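Colleague: Fold the following and give me the result.
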Amino acid sequence: MSRPDLPAPIAEWFAAKGWAPRRHQLEMLDVARAGAHGLLVATTGAGKTLAGFLPTLAELIETPTEGLHTLYVSPLKALAVDVQRNLLTPVAEMGVDIRIETRTGDTPSDRKARQRIKPPNILLTTPESLSLLLSYPDSFTMFEGLKTIVVDEVHAFATGKRGDLLSLCMARLQRIAPGLRRVALSATVADPDGYRAWLAPDGDIDTVTLVQGEAGAPPNVTILLPQGRVPWSGHSGRYAAEQVMAEIELHKTTIVFCNTRALAELIFQDLWKVNAMNLPLGVHHGSLSLEARRKVEGAMADGRLRGLVATASLDLGVDWGDVDCVIQMGAPKGSSRLLQRIGRSNHRLDEPSEAIVVPGNRFEYLEARAALDAVESGELDFEVFRMGALDVLAQHVMACACAAPFEQGALLDEIRSALPYSALPTETFEQLLGFVRDGGYALKAYDKFKRLTQDANGIWRVSLPKFVAQHRLNAGIIVEATMLSVRFGNGRTLGRVEEGFAATLTPRDTFFFAGLSLEVERIDTESIVVRATSRPARIPSYGGARMPLSTNLADRVRRFLAEPEEWRRFPDDVREWLEVQQVRSVMPRPGQLLVETFPREGKHYMVAYSFEGWNAHQSLGMLVTRRMETQGLKPIGFVANDYALACYGLEPITDPAALFSRDILEDEFVDWVQQSSLLKRAFREVAVIGGLVERQIPGKRKTGKQVSFSTDLIYDVLRKYEPGHVLLQAAWADARARMTDVGRLADLLDRAADTMLHVDLERISPLAVPVLTLIGREHVSQGLADDALLIEAEVLAAEAMRLD
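Modeller: Model (predicted):
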């Protein structure tokens, strides 16, 4: 498909390659020539990057200009390497004079300074680097001639805080360059209109033309079944290391995706042990140093690796044409995520991608089957667009002030043109301005918070030059997670846990760590001080950042359970597991909450099959065990996976409905969030993003301990003297949404009131086995676990599957 209106260098380049522009690439050119904004939704390998840049290249060839023409914004620094191949190489081959440069946190400072005075024609950057650029007075001259902004991989970050920041940056750019055209490139999404509205100035969806890419060949996705049987427990697929290695040996280049960084390291070690042919393997995740990541990316780009174990740090955009197989360890947790990962394999639109899913346990087999069905039928996970975060807005207001004095009404109008902030109330904005001005009512006596002043004409400006330098040193949205040491009062350290786990603990809580039952004495800014206890450990140890099961897949798994005619497609042992459950207990219908209770070895168990994801279940476990305590049920502990929550104690639970009543979210939830460090932890993050405390001071970076100490002191002051402070509001919003998945909790409790089905059993049911095996996992230190757990799982399974 060629076109006479394509500039000659572009047409000749396509012809020399023996290619023709794809329909959606030419449609993006038409959208640009009509002066409209555009959203391109296309599968990986469809030439999205070239489609996004084609109008820019055509314009710069037809009417060469000095200065910045196009901004390309990507969520990942790693994409710079990738875009270099997708863009710099064609431009060089076309023989046209177009300057293309990158600007990220890793760009040398002399080049950054030069870019502001003499920018390239096309600048590749990230949301954070763009926000910093907009904090300079010369941003008005740098961007006044800007014609286009291209947002790549928009599905990856539009609905989060980085999306909020970029939305505000686009509002500012539109004010500087009113004719600016906005373009976004996205993988296949369930709700293109949501992204069109996010992209549009003032959320005016009709100004954004949707271009749908051509459908590629359907992917070839299979589920790898272990030699023997699908395991009862686990969620990693580690048992299949030899089979995964055999697939790597068969293919040219394989990416092995894992859902957590810790699992990526374990899988890499497992594969290395069975790498009999000594093939070159690598590992890539966000905790690695920049140098290590670049080295691995370079080796992949050059085709020097046969296998790469990776996490979500590779989900986005990085296009390596030689990858011919993708393996997903454990269930993918969402059909959109699986589709995105499948797209890493074989970047040719007309050839099928090859992917293999390795389920970790029987529920994960059902989830993997559900994901494959969803991909086959084109059903994707919906993203939730929410109100913009106030801490991000505070940072942006300060960036605008650093660039130039502003008038309050004009800035509010500009901010409201960004969709996440379109409904921002005037009084909330005034409160937020008050915070940026002097910290707010409770902190205004301190000079260190007096960042803005308002003159007699109502114009706002930065109080002192030091606050400008402070902003530029500390701006950013990603706040690194700190680790806390677990230690005895005498100073002996047992190890370190993520702060996310520590934040859920309160004094007297017990948890297993390093094979010991420990009781929390106190938590300070850098450690959990514990003592050994003989009390049963109530709280399971934390397994690292976990992706929640999407509601779309959860619904499909629920339907599987309720439709025995589907079971014919499953392996024999999975089918038998479900059939025995149906005989011994019941199968929950879609929308129904099944709760089973049964005794075992002197304890009483309650298992709720709620399918709301690990995060929501963890939070609910905390709340339900607190309520069990007040009801005299003597709880011992709880465990959770993506599908179920199991609580156990010394007294039988005869009325589960009383434990799941909706008021638990008003009573126990508020107490728990305030007594634990959850709210304090959320406040620490919003205080850093909102600019209340500095991460860095000239010449050095503060430690996590120093930042925690500063924010904890301020938190205590605000809780006491200004509980309605704008940053406490932001912290509550974070604690509710991100850290506890309270939306899914509320759905679960609403359903519990109307649809709970309580089945009291004499012994454990087949459906309860996968979650109950997790109790053993918390009782043994890592390394000794696997054999003991396999034995425990088989004992539980034998008990559950008996038909007498």
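
Colleague: Tell me, how many residues neighbour the nearest residue to Leu279 once chain neighbours are set aside?
Modeller: Computed as CB to CB, 6 or more residues apart in numbering, the closest residue to Leu279 that is not its neighbour in sequence is Arg306, at 4.2 Å. Quick note: C-beta positions are derived from backbone N, CA and C, even for glycine. Using other CB atoms under 10 Å, Arg306 has 17 neighbouring residues.

Colleague: Now for Arg306: which residues touch it?
Modeller: Residues near Arg306 by CB atoms under 8 Å, 6 or more residues apart in numbering: 248-249, 251-254, 279-281.

Colleague: Gly388 too?
Modeller: When contacts are counted by CB under 8 Å, 6+ apart, Gly388 touches 164, 167-168, 418, 420-421, 424.

Colleague: one more time with 7 Å
Modeller: By CB atoms under 7 Å, 6 or more residues apart in numbering, Gly388 lies in contact with 164, 420-421.

Colleague: just these now: which is nearest Gln674?
Modeller: Lowest distance from Gln674 to the contacts of Gly388 (CB to CB) belongs to Asp164, with 26.0 Å.

Colleague: Return the distance of the closest one relative to Gln395.
Modeller: Using CB to CB, to the nearest Å, Asp164 is found at 10 Å from Gln395.

Colleague: Low-confidence ranges, the stretch 551-700 of the chain, go.
Modeller: In the predicted model of the stretch 551-700 of the chain, residues 696-700 satisfy pLDDT under 70.

Colleague: So which residues of it form helices?
Modeller: Using DSSP state H, counting those that start in this stretch, the helices of the stretch 551-700 of the chain run over residues 551-562, 572-584, 614-630, 656-659, 668-675, 678-689.

Colleague: angle of the longest one against helix 678-689?
Modeller: Here helix 614-630 runs at an angle of 140 degrees relative to helix 678-689 (axes from the mean of the first three to the mean of the last three CA atoms, to 10 degrees).

Colleague: Which positions in helix 614-630 come out as buried?
Modeller: Going by neighbour count (16 or more other CB atoms under 10 Å), the buried part of helix 614-630 is 614-628.

Colleague: Which of those sits closest to Ala374?
Modeller: Trp614 (19.6 Å).

Colleague: residue at max distance from the center of the chain?
Modeller: For the chain, the residue at maximal distance from the C-alpha centroid (CA atoms, centre = their mean) is Asp804, at 46.0 Å.

Colleague: which residues of the stretch 1-150 of the chain fall in strands?
Modeller: Taking DSSP state E, counting those that start in this stretch as the criterion, the stretch 1-150 of the chain carries its strands at 37-41, 70-73, 100-103, 122-125, 148-151.

Colleague: Same check on the stretch 701-804 of the chain?
Modeller: Going by DSSP E, counting those that start in this stretch, the stretch 701-804 of the chain shows strands at 756-760.

Colleague: before we move on, back to that, pLDDT at the residue nearest to Leu279, what is it?
Modeller: The per-residue pLDDT reported for Arg306 equals 94.

Colleague: backbone phi and psi for it, please?
Modeller: phi -90, psi -30 (degrees, to the nearest 10).

Colleague: Then Thr65?
Modeller: The phi/psi pair for Thr65 (degrees, to the nearest 10) reads phi -140, psi 160.

Colleague: which stretches of the stretch 151-300 of the chain aren't confidently modelled?
Modeller: Looking at the stretch 151-300 of the chain by pLDDT under 70, you get 216, 228, 234-236, 262, 286-290.

Colleague: Would you confirm that Leu271 belongs to a helix?
Modeller: Yes. Counting by DSSP: H, G, I helix; E, B strand; the rest coil, Leu271 is part of a helix.

Colleague: Report the buried residues of stretch 61-72.
Modeller: Quick answer for stretch 61-72 (16+ other CB under 10 Å): 61, 68-72.

Colleague: Can you list the low-confidence ranges for the stretch 351-500 of the chain?
Modeller: Along the stretch 351-500 of the chain, the model assigns pLDDT under 70 to residues 351, 381, 479-482, 495-496, 500.

Colleague: Does Thr453 touch Ile459 like I think?
Modeller: No. With contacts counted by CB atoms under 7 Å, Thr453 stays clear of Ile459, the gap being 9.5 Å.

Colleague: Pull the CA coordinates from stretch 28-35 and hand them back as PDB.
Modeller: Output in PDB follows, covering the C-alpha atoms of stretch 28-35 (Å, rounded to 0.1, in the frame of the first residue of the first chain):
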ATOM      1  CA  MET A  28      -1.900   8.200  11.300                       C
ATOM      2  CA  LEU A  29      -0.400  10.400   8.500                       C
ATOM      3  CA  ASP A  30      -4.000  11.400   7.400                       C
ATOM      4  CA  VAL A  31      -4.900  12.200  11.000                       C
ATOM      5  CA  ALA A  32      -1.900  14.500  11.300                       C
ATOM      6  CA  ARG A  33      -2.600  16.300   8.000                       C
ATOM      7  CA  ALA A  34      -6.200  16.900   9.200                       C
ATOM      8  CA  GLY A  35      -4.700  18.600  12.300                       C
END
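
Colleague: distance between it and the chain's centre?
Modeller: Mean-position distance between stretch 28-35 and its chain equals 33 Å (CA atoms, centre = their mean, to the nearest Å).

Colleague: ditto for stretch 658-675
Modeller: For stretch 658-675, the distance to the chain centre is 26 Å (CA atoms, centre = their mean).

Colleague: Which residues belonging to it are considered buried?
Modeller: Buried residues in stretch 658-675 (16+ other CB under 10 Å): 659-660, 664-665, 668-669, 672-673.

Colleague: Lovely, talk soon.
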